[in-house]
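1. Sequence first, predicted coordinates after that:
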Amino acid sequence: MKARTWALLAALLLIPALVLAGRMDIRKPAYEQVLRYEGEGYSVKDDIQIGELGKGKSYYFDTQLTTGIDYFFHFQGDVGVRSLRLEMFDENWELVAQSTGTGEPASVTLKPEWSGTFHVKATLVDCQGEMDYWFILAGYK
């Protein structure tokens with residue numbers, strides 16, 4: 001009975017550690033991309049967004065952009081991700097920018113002609129499993 005209790009306790013502690021390990025793995029390439037964009041003169045706008053998506057699913061968020069400022073948005077997955085798409089829409093959901101192709105990573109640069117709320121749609125087009133980890137960076141200069 002005692003051995004069974006220890007095995008159950010070990011399993012309960014190990015499962016969250018494995019889940020967090022996958023999330024930690026995606027942070028390394030995210031920080032590498034932060035350094036690359038900072039080297040190009042950009043400042044990272046917000047915290048790094050990290051999550052997981054199912055194959056063919058999308059993640060949406062809104063952002064406030066100001067006219068005349070150069071922005072970048074970078075969407076990247078871990079090693080199991082095969083294809084991503086990144087699209088940006090204005091306040092009326094009119095497409096204003098999108099990544100070219102459906103490769104990995106997907107990035108968009110934009111210098112808006114007006115200030116306001118813009119919508120970002122990040123789609124995990126294809127991955128090895130049913131779902132996978134990703135991150136999104138945003139910045140300006």
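-> It's in. Numbering: from 1, shown residues only.

2. Where does the nearest residue to residue 90 once chain neighbours are set aside sit: helix, strand or coil?
-> Distance criterion CB to CB, 6 or more residues apart in numbering; nearest residue to residue 90, sequence neighbours excluded, is residue 96 at 5.2 Å. Every C-beta, even on glycine, is put in place using the N, C-alpha and C of the backbone. Following DSSP: H, G, I helix; E, B strand; the rest coil, the label given to residue 96 is strand.

3. Next, find the distance separating residue 96 from residue 66.
-> Plainly put, residue 96 is 14 Å away from residue 66 if you go by CB to CB, to the nearest Å.

4. Tell me which of those two has more neighbours.
-> Ranked by neighbour count (other CB atoms under 10 Å), residue 96 and residue 66 place residue 96 first, with 16 against 11.

5. can you pull the contacts of the more buried one?
-> Residue 96 sits next to 88-90, 110, 112, 118 when contact means CB atoms under 8 Å, 6 or more residues apart in numbering.

6. Same check on residue 42?
-> 70, 72, 139-141 are the contacts of residue 42 under CB under 8 Å, 6+ apart.

7. For the longest strand along the chain, output the C-alpha coordinates as CSV.
-> Ranked by number of residues, the top strand in the chain under DSSP state E is strand 116-127. Taking Å, rounded to 0.1, in the frame of the first residue of the first chain, the C-alpha atoms of strand 116-127 are listed here in CSV:
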residue,chain,number,x,y,z
GLY,A,116,-7.0,52.4,-33.5
THR,A,117,-7.8,48.9,-32.6
PHE,A,118,-6.5,46.1,-34.9
HIS,A,119,-7.4,42.4,-34.7
VAL,A,120,-4.8,39.7,-35.0
LYS,A,121,-5.6,36.2,-36.1
ALA,A,122,-2.9,33.5,-35.6
THR,A,123,-3.7,30.1,-37.1
LEU,A,124,-1.9,26.8,-36.5
VAL,A,125,-2.4,25.4,-40.0
ASP,A,126,-0.6,22.1,-39.6
CYS,A,127,1.4,20.2,-36.9
